[in-house]
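J.: I'll drop the sequence and a predicted model, then ask my questions.
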Amino acid sequence: MNKEQIKRSTINLQITENHNLLYFNIPKEIVQKLSLTENDLLEYDVRENQFFFRKKGSQYLPKENQLKIFSGLLVERNITRNNTVLRTNLPKEVAQPLVIQKGDNVLITSDGKVIVGQKKL
């Protein structure tokens, strides 16, 4: 993937807080790509300065990154519905090592059926 393709496929998320939990709205493109519903769970992993998530039960791995993603930390989170928008809690096991807090922007990029997130500096 060249830099222009990555730039076009990157989505900027705003991190919000509710009852001391961090949340983000799941963009429609991601909902469609991963075929998500509010009954699904997401699995998270953290490597270096990025986090990765995928639909629970899938065995997809990132195409671009071969660092044994999803062989270590697997944190699961529910998907909830807020009016017509699906959203999910950003696990503290992801937020703390990456120093993500309320109001931060996170860039997410699709890597096959795995989503790669990184705090925007």
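T.: Done, it's in.

J.: tell me which residues form a beta bridge with the residue most central in space within the chain?
T.: In the chain, the centroid-proximal residue (Cα atoms, centre = their mean) is Phe53; its distance is 4.8 Å. The partner list for Phe53 in beta bridges (DSSP bridges) reads Tyr44, Ile115.

J.: and if you look at Leu21?
T.: Asn18.

J.: give me every residue that touches the residue nearest to the centre of the chain.
T.: Shown in contact with Phe53 (Cβ atoms under 8 Å, 6 or more residues apart in numbering): Leu42, Glu43, Tyr44, Asp45, Val114, Ile115, Gly117. No exception for glycine: its C-beta is placed from N, CA and C like everyone else's.

J.: show me where this structure has its strands.
T.: For the chain, the strands defined by DSSP state E cover 10-14, 16-18, 21-25, 41-47, 50-55, 75-82, 85-89, 105-111, 114-119.
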